Structures are given as structure tokens and as C-alpha cells.
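Enquirer: make a model of this:
(one chain, ligands or ions: 1)
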Amino acid sequence: MTAVTSEAGAPFGAAPPSGGEAIVTRGLTKRFRSGQVAVDTLDLSVPRGSVFGFLGPNGSGKTTTIRMLLGLVKPTAGEYSVLGLPQAEALPRVGALVEGPAFYPYLSGAANLMRFDAADPTAPRATARRRIAEALERVGLSAAAGKRYRHYSLGMRQRLAIAAALLGPRELLVLDEPTNGLDPQGTREVRALVKEIASDGTTVFVSSHLLAEVEQMCTHAAIMRTGRLVAHGTIASLSGGLAARIRVETPDAAGAARVLGALGLADVRTDEGGTVTAELGGHAPERLNAALVGEEVAVRGLAVVRPSLEDVFVRLTGEGFDVDG
Ligand SMILES: Nc1ncnc2c1ncn2[C@@H]1O[C@H](COP(=O)(O)OP(=O)(O)OP(=O)(O)O)[C@@H](O)[C@H]1O
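Expert: Numbers count the residues shown, from 1 in each chain. From the prediction side, this is the model:
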């Protein structure tokens, strides 16, 4: 672990992590000179091979955490480990996209990567062409390698930035809000690329303020709010912590609510549009449908609604997830 002297002055333990984790943090904290605590005693475990969504509204401390993990910002307290290695050994195995690299508009994608690679003193010159061709191939830009950057679409530009993070063999890819500012097509391209990169075993740690994006793209997530972790786990376990609900569309909301209540379903609610919902519990939806129809309640639609990460956030914090910051 990269141990950081704690605020109390004692060095945090330097024991290596188990090896199954790509990133571990313990009590990681960053207080800026302004007094602002951007990251507050963060305990994070990112399993190797996961696509890990680091989720939180704007300003919740995601970028500051990433910058600490990459050695760009010094933590105030706590410790962290990346790939279970000392920082100097870990960083060459980590590809990162934090602030998009500045590319030259009149140069081609390949020429831009050549310049970018040349600026990295640790990159072996002799293999530059091969590594660049491989990175372009990996992000699906081989055919556009010779095209000028200024003619690239937004999605292609971001894929080139990801290619720049893949110019060496990487065990971990860290992407800070990679779909920010993209159009819908570019967003789709980048999401597909993240899944593709992860499919060969590379761990991907990706920050986002978009709940649905993390739900679609990630296997695991940590949810941040004002510098603190509010939830952490597999996507299934995070949303599995909340009960699924049954949702009944009917012209007879009062009748449906009565039948569901009589069957023992908990938390029966009728919304303003007349839709009735209740906690499903152990009930079989088809039996509920039969019971409603048997009681002459007309059913226009019946669905089981699984809780989303947004429901988890609202339940844990009592607040809506402020998507736009
Ligand atoms: N250099 C700095 N000095 C003082 N405060 C800072 C600094 N950098 C970030 N902050 C503050 O720390 C908090 C967390 O910021 P951070 O950028 O880590 O959040 P974030 O979740 O990445 O949000 P965003 O997606 O908007 O970047 C914010 O309140 C921010 O204003």
C-alpha cells in the first residue's frame, strides 16, 4: 500500500492487499487548503476484472479520488493500493483518461498518438508503431487512423483518447466521466468500447454521474455523496437490497388496492395517474393477476418493477440523485 501519514501522525499500515483487488483504499481523505473535504475516509475495494462504476453527483469527490490513485494529488490521510504494487511499478500498468489529452486538429489520429507516445519517457520507442496500431485497433479506429482529428466525430475523438490510455499493456483502465459532453451516438460507442475492453480481463474503473449508465455498463459500483461512500457492491446486490414491486395499470385503482391489500402485499400505493403499486414480496405475479381478474378488477397492464440504483441512492440518502449537478 502507498501509506500516507495519517492526520494523527502515525503511518497507516503498509501490509500488501490480498491480490484479488485492483484498487483498495482505506480511510482515504483529501482536505484542500480551503478546508473543503473533497474525499472523506473512503474505503473502497475494486475487484480485478470488474467494470467498476464510481458513481456520484457532480462535486461528490470522484475526480479527486482518481487523482489521488494516480499520484496526481497527495492525500491528507489514509492509504491506497493500485494493483497491489508500489506506485512506481503500478502506474505503467494503468491507463488513465482523466482530462482528455489535447490532440492536434490537423494531425491524423495515428500521428497524434505518435506525438502523445513520444512525450512519455517510459514508453519504448522501438515498439511505438506497433503499440499505436494495436491501440487504434482496440478502439476500432484502424480504418480512420490516417484521417485528421478535426474530421473525427465526438465518439471517435473520445475513442482516440482511450486509445492514448491503451498504448501499453494495461491491467487497469481508469476513465473519469468518459461520456461527458458526448452526443448519444458517441456515448453508445464509448459504452460499447468499455465493455469490449473489459471482456479480455482488464479492470475498468469508470466514474460517472449517470446512474443508468453505470447500471448498463458496470458489474460493480460505489456511490459517493459529498465525499463519502454511501453504498458499495455488485450492481445486483446494490439494487437487490430493495424490494421489487408489482405495478398494476387499471381503471379500478381502488379495487386493485383492496385486492392487493387483502392478499397481504405490503406498502400498497396508488399514484395520481391511478396506477397501483405494492411490494411484491414472495407473491407470484401471475397469481396476483388471476386474483385481480377473479375479483373483477380490470387489468390493463401488470409489471414487476425491480429497483434501480436511483432508488438505492434515494433510500440511502433521502435525496434525489442530482443528475445535472
Ligand atoms: N483544487 C481544489 N481546491 C479546492 N477544492 C477543490 C479542488 N478540487 C476539487 N475541489 C472541491 O472538492 C469537491 C469534490 O470535487 P471533485 O472534482 O473531486 O468531484 P467530482 O465528483 O469529480 O465532480 P465533477 O464530476 O464535477 O468533477 C468539490 O466541492 C470541489 O469544488
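Enquirer: distance between the lengthiest helix in the chain and the chain's centre?
Expert: For the chain, the longest helix by residue count, based on DSSP state H, is helix 184-198. Chain-centre distance of helix 184-198: 13 Å, with Cα atoms, centre = their mean, to the nearest Å.
Enquirer: before we move on, what about stretch 117-135?
Expert: 29 Å.
Enquirer: likewise for stretch 145-156?
Expert: The chain centroid and the centroid of stretch 145-156 are separated by 26 Å under Cα atoms, centre = their mean.
Enquirer: tell me the buried residues in it?
Expert: In terms of neighbour count (16 or more other Cβ atoms under 10 Å), stretch 145-156 has its buried residues at 145, 149, 152, 154-156. Yep, even glycine has a C-beta here, placed from its N, CA and C like the rest.
Enquirer: farthest-separated two in these?
Expert: Greatest spatial distance in the buried residues of stretch 145-156: 145 and 154, 18.0 Å, computed using Cβ to Cβ.
Enquirer: before we move on, the earlier item: show the subsequent helix or strand relative to the longest helix of the chain.
Expert: Sequence order places strand 203-208 as the next helix or strand after helix 184-198, per DSSP states H and E.
Enquirer: so where do the helices sit in the stretch 51-200 of the chain?
Expert: Ranges of helices in the stretch 51-200 of the chain, per DSSP state H, counting those that start in this stretch, are 62-69, 87-90, 109-118, 128-138, 154-164, 184-198.
Enquirer: any idea of the mean pLDDT for the second one?
Expert: This means helix 87-90. For helix 87-90, the mean per-residue pLDDT is 90.
Enquirer: how about residues contacting that helix?
Expert: Outside helix 87-90, the residues that touch it by Cβ atoms under 8 Å, 6 or more residues apart in numbering are 2, 71, 82-84.
Enquirer: can you pick the most crowded of these?
Expert: Within those, neighbour counts (other Cβ atoms under 10 Å) peak at residue 82, which reaches 28 neighbours.
Enquirer: quick check: domain ranges of this structure?
Expert: The chain breaks down by automatic domain parsing into domains covering 2-239, 243-306.
Enquirer: mind putting the ones you listed in TSV, distance to the ligand included?
Expert: Below are the domains of the chain laid out as TSV (distance: least, Cβ to the nearest ligand atom, whole Å):
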stretch	distance to the ligand
domain 2-239	3
domain 243-306	27
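Enquirer: among those, which is the most enclosed?
Expert: With neighbours taken as mean count of other Cβ atoms under 10 Å, those reach their highest mean count in domain 2-239, at a mean of 18.
Enquirer: what's the spacing between it and its chain's center?
Expert: Counting by Cα atoms, centre = their mean, domain 2-239 is centred 10 Å from the centre of its parent chain.
Enquirer: and the contacts of helix 87-90, which two are furthest apart?
Expert: 71 and 84 (15.6 Å).
Enquirer: a markdown table for the domains of the chain, including distance to residue 317?
Expert: Below are the domains of the chain laid out as a markdown table (distance: least, Cβ to Cβ, whole Å):
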| stretch | distance to residue 317 |
| --- | --- |
| domain 2-239 | 6 |
| domain 243-306 | 18 |
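Enquirer: please name whichever of those domains is nearest to residue 320.
Expert: domain 2-239 (9.6 Å).
Enquirer: I'd say residue 263 and residue 291 touch.
Expert: Yes - counting by Cβ atoms under 8 Å, residue 263 touches residue 291, with 6.0 Å between them.
Enquirer: which residues does residue 108 bridge with?
Expert: residue 148 (DSSP bridges).
Enquirer: what score does it have for pLDDT?
Expert: If you check residue 108, the pLDDT there is 97.
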